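Participant: here is a sequence together with a model predicted from it:
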Amino acid sequence: MRFIRRRWIWSGMPRLHRLTDETGETASFYVRHGAYRLCQYRVNSPHRLRLHLQPGDMRPMDGAAGAQALRTTFEEAEKGLEPIYS
């Protein structure tokens, strides 16, 4: 697990930065942790008005797009989904 996590830091963070640069929106990487989702990596939007979270923060598995994506099974994703919005 340590190798995988370290590999993600080096390969994933530049992708989150690029996504934020291209969209102007916050980019986050969450993992499911029971009834919650744990923010592992995040690049905040440059906008002044935003939900400011940091890696390590827990959020409920609510109706947010990230929570919806984490609840989606592989089989559902294989079928193709409608876009997820929050």
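Facilitator: Received, thanks.

Participant: pull stretch 69-77 out as PDB, backbone CA atoms only.
Facilitator: What follows is stretch 69-77 as a C-alpha-only set of coordinates in PDB (Å, rounded to 0.1, in the frame of the first residue of the first chain):
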ATOM      1  CA  ALA A  69     -19.100   8.200  -7.900                       C
ATOM      2  CA  LEU A  70     -17.800   6.200  -4.900                       C
ATOM      3  CA  ARG A  71     -21.100   4.500  -4.500                       C
ATOM      4  CA  THR A  72     -21.200   3.400  -8.100                       C
ATOM      5  CA  THR A  73     -20.300  -0.300  -8.600                       C
ATOM      6  CA  PHE A  74     -18.000  -1.400 -11.400                       C
ATOM      7  CA  GLU A  75     -20.900  -3.100 -13.100                       C
ATOM      8  CA  GLU A  76     -22.900   0.100 -13.200                       C
ATOM      9  CA  ALA A  77     -19.900   2.000 -14.600                       C
END
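
Participant: how about the strands in this structure?
Facilitator: Shown for the chain, the strands assigned by DSSP state E span residues 27-33, 36-43, 58-60.

Participant: which one of the ones you listed lies nearest to H17?
Facilitator: For these, the distance to H17 is smallest for strand 36-43, at 5.3 Å, taking C-beta to C-beta. Yep, even glycine has a C-beta here, placed from its N, CA and C like the rest.

Participant: next, the angle from that closest one to strand 27-33.
Facilitator: Taking axes from the mean of the first three to the mean of the last three C-alpha atoms, to 10 degrees, one finds strand 36-43 and strand 27-33 inclined to each other by 160 degrees.

Participant: list the strands paired with strand 36-43, with their directions.
Facilitator: strand 27-33 (antiparallel), strand 58-60 (antiparallel) (DSSP bridges).
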